[in-house]
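**Q** generate a structure from the sequence data that follows.
(2 chains)
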Protein chains: 2
Amino acid sequence: MKHPPIARGLAAALLLLPVSAVAQAQPPEGALTPRDVPAKSVPVPGTVSPELQAVIAQPLRAGWNTPPTTPEGWTQLVGQLEATVGATAQPMADRLHVKIEDSTIEGVKVYVLTPADIPPRNRNRLLVHVHGGCYVLNPHMAALPEALQVAALSHIKTIAVDYRMPPDAYFPAALDDAVTVYKAATSSVPPRNIGVFGSSAGGALTLEMMLRAKASGLPMPGAIAPGTPMADATNAGDTFQTNALVDNVLVSPSGFCDAATRFYAQGHDLADPMLSPIYGDFHGFPPTILTSGTRDLLLSNTVRTNQKLREAGVETRLQVFEGQSHAQFYRDDRIPEDRFAIGEIAAWFDKNLGE
Amino acid sequence: MKHPPIARGLAAALLLLPVSAVAQAQPPEGALTPRDVPAKSVPVPGTVSPELQAVIAQPLRAGWNTPPTTPEGWTQLVGQLEATVGATAQPMADRLHVKIEDSTIEGVKVYVLTPADIPPRNRNRLLVHVHGGCYVLNPHMAALPEALQVAALSHIKTIAVDYRMPPDAYFPAALDDAVTVYKAATSSVPPRNIGVFGSSAGGALTLEMMLRAKASGLPMPGAIAPGTPMADATNAGDTFQTNALVDNVLVSPSGFCDAATRFYAQGHDLADPMLSPIYGDFHGFPPTILTSGTRDLLLSNTVRTNQKLREAGVETRLQVFEGQSHAQFYRDDRIPEDRFAIGEIAAWFDKNLGE
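**A** Presented below is the predicted three-dimensional model:
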């Protein structure tokens, strides 16, 4: 490849300044020309399974650019999606031989997911799951697709938190509920034997739980798996632009997900680490596996989180899947790439949790 | 996020077929609609260092869509780039306190790179570097920027292979030379103490060396670091499309790099694992660290390689950097993200090599 010297003015500045000053240097005004990218037609790649090709070929999410504007509108949308997604949970549980029971833990609604086969080394282990959906979507059974697959492939009992959401409860209710369940779990199982996971808003909540736990003196779990985390709710991140209208799930940073997050935040500063955990301190976090896709609008969120964790000395595994848009890695247990991605998460827990 | 059920026809097919048949199933004809992505203007992200912002803001590589068409034309281009890049090597070596000496190993031209400080644990370790440049570019001192940085940050002596290239020698001369040097290295240093690395074509060569070594009964090294490998020279890979005209180095799959690779291949089948190692068997490969960027045309090549290695049971670390185009992670040792990326590669060698 070509290696032209970096821009001449900058190179001169670098020669004149000590390293510490260079790191603070601002590029010259007006030098940062945007990239003009022409319109294109992107085919469905031939490098994924036929099952995943069908997912990639789906059109952009209907209504991505017309999010609800009232609490009633959100309630209606949540109900529609819940009916669709929730209906897939029990058949998936049957296929995967996972028992679903609803319960409450210190007032928080949860589902207890019990795989049919729990080997002896997993009998004193526990997973806690926090679902995605931009802090507003996927209540009740719609919370379960990712949790069911991880429970099945890890063969570890899993508590899926059905946290409170708008318009019933706003920031930080979701985080409060997740931490309540995690804290209760640590009183019955050694923290090192606990794994915490979730994707999208659930990935952000996983990271926020670690920040909250550190701040309140709760012990860290043995490992975490934040999938494509909404780690930065301020719209910062290059793939918000490069993958806009390429990702067929989130579609655009001006889409429904950001509207939902603002609905949850209710005017709270979106750069607060309890909404944008990338701005928190990751030192002391447990081993972390992160998952994204090449078309994911949150690929930048994911790789920035990975880099920041590594800078904090945390052991990580990053996996990025060919052609996948946001959070498509746990779409359906019958997709080969799903089984692989979830298998990696299960293996990460098995490797890093205490017994 | 939304979880619509997968396409109805496909779902029905999945219910009717056993899993082994599903994996082979072809999607219905005509169902795979391409994604139409409108033109956009992508700003330079604010989520990287000012030094990297200057790199990202550079316009598309001049002449990306007008590659040479004659051997003389290639020789002229190679000479121009060599003058530019080669001139950066000695100042970089001075900054990094690495001594450069030229030598030959069994007739193959090499540079021996010796860091000023080699701690005792590294004195019986050795790295072998194979440079990038689409199998045609970056001879002589232009081969060295990545090698110098890894030598400096790993504090391990490094042999950089200045392999033969067109129009002097064609496929598989580059691979032959690289394997000759690796084989010679294994006769003086325990193979487990050797690391092999290189990016782009050098990443492909690193993988091809492992395939060749397995086939010829040579021992595996202790670890490898193929950066953004040209693991698939057949143009397969989703980011060839999604990052076309976003990546300011390779720019497009119809650009100069593919022309150069065809010039090297001289009509040889591009799907041969010795040109497209993704089609080889990765079982038995040593621990592997892979590096790419969110704007990299070869991000798909990189993540597909990572998945295939994991499927073969190989320990890997994938790192993907915010906003970076192809192979920008070793552009300049004064860029903070470069130091971080190379530091991760150095740490990978330190963790995995014997002493």
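**Q** what does the stretch 101-250 of chain A put close to chain B?
**A** The stretch 101-250 of chain A has residues A:132-134, A:137-138, A:142, A:145, A:199-200, A:236-239, A:241-246, A:248-250 near chain B, with proximity defined as C-beta under 8 Å from any C-beta of the partner chain. (C-beta placed from N, C-alpha, C; glycine too.)
**Q** which ones among those map onto strands?
**A** Members of those lying in strands (criterion: DSSP state E): A:Ser199.
**Q** how many residues are close by A:Gln266?
**A** 9 (other C-beta atoms under 10 Å in any protein chain shown).
**Q** residues in contact with the residue nearest to it when sequence neighbours are not counted?
**A** Leaving out its chain neighbours, the residue that sits closest to A:Gln266 by C-beta to C-beta, 6 or more residues apart in numbering or on different chains is A:Tyr170, at 4.5 Å. Contacts here follow C-beta atoms under 8 Å, 6 or more residues apart in numbering or on different chains; on that basis A:Tyr170 touches A:Tyr264, A:Ala265, A:Gln266.
**Q** repeat the analysis, applying 10 Å as the threshold.
**A** By C-beta atoms under 10 Å, 6 or more residues apart in numbering or on different chains, the contact list for A:Tyr170 reads A:Tyr135, A:Val136, A:Arg164, A:Phe263, A:Tyr264, A:Ala265, A:Gln266, A:Gly267, A:His268.
**Q** how about the helices in the stretch 151-300 of chain A?
**A** Counting by DSSP state H, counting those that start in this stretch, the stretch 151-300 of chain A has helices at residues A:173-186, A:201-216, A:239-242, A:256-265, A:299-311.
**Q** model confidence over the fourth one, on average?
**A** Helix A:256-265 shows a mean pLDDT of 96 in the predicted model.
**Q** before we move on, back to that, what two of the contacts of A:Tyr170 are the furthest from one another?
**A** A:Arg164 and A:Gly267 (18.2 Å; C-beta to C-beta).
**Q** who has more neighbours, the two?
**A** A:Arg164 (16 against 8).
**Q** in space, what's closest to that one - neighbours in sequence excluded?
**A** A:Ala173 (4.4 Å).
**Q** my guess is that neighbour contacts A:Val161. True?
**A** No. When contacts are counted by C-beta atoms under 10 Å, A:Ala173 is not listed as touching A:Val161 (11.5 Å).
**Q** where exactly do the helices run in the stretch 1-150 of chain A?
**A** Using DSSP H, counting those that start in this stretch, helices in the stretch 1-150 of chain A cover A:8-16, A:19-24, A:50-56, A:71-96, A:145-154.
**Q** and the third one, what does it pack onto?
**A** So that's helix A:50-56. helix A:336-352, helix B:8-16, helix B:19-24 (3 or more C-beta pairs under 10 Å, 6 or more residues apart in numbering or on different chains; DSSP states H and E).
**Q** name the residues of stretch A:305-324 that are buried.
**A** Under the neighbour-count criterion of 16 or more other C-beta atoms under 10 Å in any protein chain shown, stretch A:305-324 has A:305-310, A:314-324 buried.
**Q** of all the helices of the stretch 151-300 of chain A, which one is nearest B:Val78?
**A** Nearest of those to B:Val78, taken as C-beta to C-beta: helix A:239-242 at 31.0 Å.
**Q** CA atoms only: put that closest one into PDB for me.
**A** C-alpha atoms of helix A:239-242 as PDB (Å, rounded to 0.1, in the frame of the first residue of the first chain):
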ATOM      1  CA  THR A 239     -19.900   4.400  11.200                       C
ATOM      2  CA  PHE A 240     -23.000   6.500  12.100                       C
ATOM      3  CA  GLN A 241     -22.100   8.200   8.800                       C
ATOM      4  CA  THR A 242     -20.300   5.500   6.800                       C
END
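**Q** against which helices or strands is that helix packed?
**A** strand A:35-37, helix A:299-311, strand B:40-42, helix B:239-242.
**Q** could these go into JSON lines alongside distance to A:Pro71 and mean pLDDT?
**A** Formatted as JSON lines, those follow (distance: least, C-beta to C-beta, whole Å; pLDDT from 0 to 100):
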{"stretch": "strand A:35-37", "distance to A:Pro71": "38", "mean pLDDT": "97"}
{"stretch": "helix A:299-311", "distance to A:Pro71": "27", "mean pLDDT": "98"}
{"stretch": "strand B:40-42", "distance to A:Pro71": "33", "mean pLDDT": "97"}
{"stretch": "helix B:239-242", "distance to A:Pro71": "37", "mean pLDDT": "98"}
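**Q** how much space separates A:Gln324 from chain B?
**A** Distance check for A:Gln324 against chain B: by C-beta to the nearest C-beta, to the nearest Å, it reads 9 Å.
**Q** helix/strand/coil for that residue?
**A** Under the three-state scheme (DSSP: H, G, I helix; E, B strand; the rest coil), A:Gln324 adopts coil.
**Q** which residue packs closest to it, ignoring adjacent ones?
**A** Once flanking residues are discounted, A:Gln324 sits nearest to A:Gly293: 2.7 Å by C-beta to C-beta, 6+ apart.
**Q** try A:Gly343
**A** Per C-beta to C-beta, 6+ apart, closest to A:Gly343 is A:Leu153, 5.4 Å.
**Q** try A:Arg317
**A** Of all residues not flanking A:Arg317 in the chain, A:Ile289 sits nearest, at 4.5 Å (C-beta to C-beta, 6+ apart).
**Q** what's the pLDDT at that neighbour?
**A** pLDDT recorded at A:Ile289 is 98.
**Q** repeat for the one 3 residues further on
**A** Residue-level confidence at A:Ser292 comes out at 98, pLDDT.
**Q** with that, I have no additional questions.
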